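Novice: One predicted model, sequence on top.
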Amino acid sequence: MRARIAAFEVTPRQFEILSLLALISLTLIVCTGAAVRLSGSGLGCPDWPRCYGHVYPPLRTHALIEFSNRIVSGFVGVMTVLAGLAAWRRRPYRRDLLLLGIALPLGVVAQAALGAVTVVDKLAPGLVMSHYALSMAILVAAFALYWRARERAPKPDVRDEQDRTAVWAVRALAPFAALVLFAGTAATAAGPHSGGAIGQTIKRLTFDGAGTLRATVHAHGALAFAFGVAAVFVWVLLERRQADRMLRRAVGFICVLVATQGVVGVVQYETHLPTELVWVHVAAATLTWLCVLWSVAAAGRLEPTVAKASAQIRPSVAPRNT
């Protein structure tokens, strides 16, 4: 048995495919989780890991939706564990891939634990917001794993000195996008889609009483608009500097998605937040986050200024006597 395990090796191409599948599954679980909340099935199974004390759910719509999401979560767990094991057996071995591969199953376990606490605490808004935030953090690790797996060997992927402004401008979009996502989760937590069915007691975000929803939606909208303007500014900057084509394409996707999000957001607010449009908004927000990660990765890493300056200093060579 040990000999078989020792002989099992994963090629770089196989690992790249597996890391991509892990990334896709982690993205899908965000969308299915949003469907659970928006369909009012957050407490379809009021206990965890069982459903009404059984290993299978009763034939009720909300219970089936919630339990199905748990099954999908189990599949995601299997995929992330496989990614971690494959990183260990990948040849040639790379320590950076192993660390990222281990982070994925650990993140899923943390998600499961947080999900259990969220159900027990009747979908407390702070816990629900943390649940989505943790999903976005896991996507960071998953995307980094896939991006690095595409490299056949670790490369510094540095940019020239004249690109530093552009690279830092792209990097600045990441924390800005995270802030917009946080504001979006607050708006959802204050809205009508609390995650529970009719008749269930669900906690909502109510820091400003009846005006909480209006305040959070306006704050989210203002931040999203500012983020869109910043993304367009970065795109123009990259075009003027004739930056890498992939980088310009990634930031261009961010601009398109944010513009689409703006239209969807206005329509869903004016139509009193229909479930279907809110789901589209959440799914598009997740795709926007992935495009932000893509942009940061495409921008690459910069060589430290000190190291660059040291490399430019060459020792003088005394002329050889003839």
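Specialist: Received the coordinates, thanks.
Novice: Give me the three-state assignment for residue 303.
Specialist: Using DSSP: H, G, I helix; E, B strand; the rest coil, the structure places residue 303 in coil.
Novice: isn't residue 137 right next to residue 106, touching?
Specialist: No - contact criterion CB atoms under 8 Å: residue 137 and residue 106 do not qualify, at 11.3 Å. Glycine gets a C-beta too; all of them are placed from N, C-alpha and C.
Novice: thinking residue 89 is in contact with residue 10, fair?
Specialist: Yes - using CB under 8 Å, residue 89 is in contact with residue 10, at 4.9 Å.
Novice: Which parts of the stretch 151-300 of the chain are helices?
Specialist: Under the criterion DSSP state H, counting those that start in this stretch, helices of the stretch 151-300 of the chain are mapped to 164-190, 212-240, 245-270, 275-299.
Novice: same for the first one, what does it pack against?
Specialist: Counting by 3 or more CB pairs under 8 Å, 6 or more residues apart in numbering; DSSP states H and E, the packing neighbours recorded for helix 164-190 are helix 125-149, helix 212-240, helix 245-270, helix 275-299.
Novice: Columns distance to residue 72 and mean neighbour count on top of these, output as CSV?
Specialist: Below are these laid out as CSV (distance: least, CB to CB, whole Å; neighbours: other CB atoms under 10 Å):
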stretch, distance to residue 72, mean neighbour count
helix 125-149, 13, 20
helix 212-240, 27, 17
helix 245-270, 24, 17
helix 275-299, 15, 21
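Novice: Now mean pLDDT too, for these, in a markdown table please.
Specialist: Below are the helices and strands packed on helix 164-190 laid out as a markdown table (pLDDT from 0 to 100):
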| stretch | mean pLDDT |
| --- | --- |
| helix 125-149 | 92 |
| helix 212-240 | 93 |
| helix 245-270 | 93 |
| helix 275-299 | 93 |
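Novice: Looking at the ones you listed, spot the one closest to residue 177.
Specialist: Comparing the helices and strands packed on helix 164-190 by their distance to residue 177 (CB to CB), the top pick is helix 275-299, with 4.6 Å.
Novice: Against which helices or strands is the closest one packed?
Specialist: Counting by 3+ CB pairs under 8 Å, 6+ apart, helix 275-299 packs on helix 12-38, helix 125-149, helix 164-190, helix 245-270.
Novice: mind giving me JSON lines with those and columns for distance to residue 300?
Specialist: Converted to JSON lines, the helices and strands packed on helix 275-299 look like this (distance: least, CB to CB, whole Å):
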{"stretch": "helix 12-38", "distance to residue 300": "19"}
{"stretch": "helix 125-149", "distance to residue 300": "11"}
{"stretch": "helix 164-190", "distance to residue 300": "7"}
{"stretch": "helix 245-270", "distance to residue 300": "8"}
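Novice: what secondary structure does residue 58 sit in?
Specialist: Assignment for residue 58 (three-state DSSP): coil.
Novice: got it, and the one 10 residues further on?
Specialist: For residue 68, the assignment made with three-state DSSP gives helix.
Novice: Nearest residue to it in space, please, no chain neighbours.
Specialist: Distances taken as CB to CB, 6 or more residues apart in numbering place residue 32 nearest to residue 68, at 7.8 Å, with adjacent residues excluded.
Novice: any idea how far that neighbour is from residue 168?
Specialist: Separation of residue 32 from residue 168 (CB to CB, to the nearest Å): 36 Å.
Novice: of the two, who's got more company?
Specialist: Neighbour count, other CB atoms under 10 Å: between residue 32 and residue 168, residue 32 has more, with 15 against 11.
Novice: so what's the more buried one scoring on pLDDT?
Specialist: For residue 32, the model assigns a pLDDT of 86.
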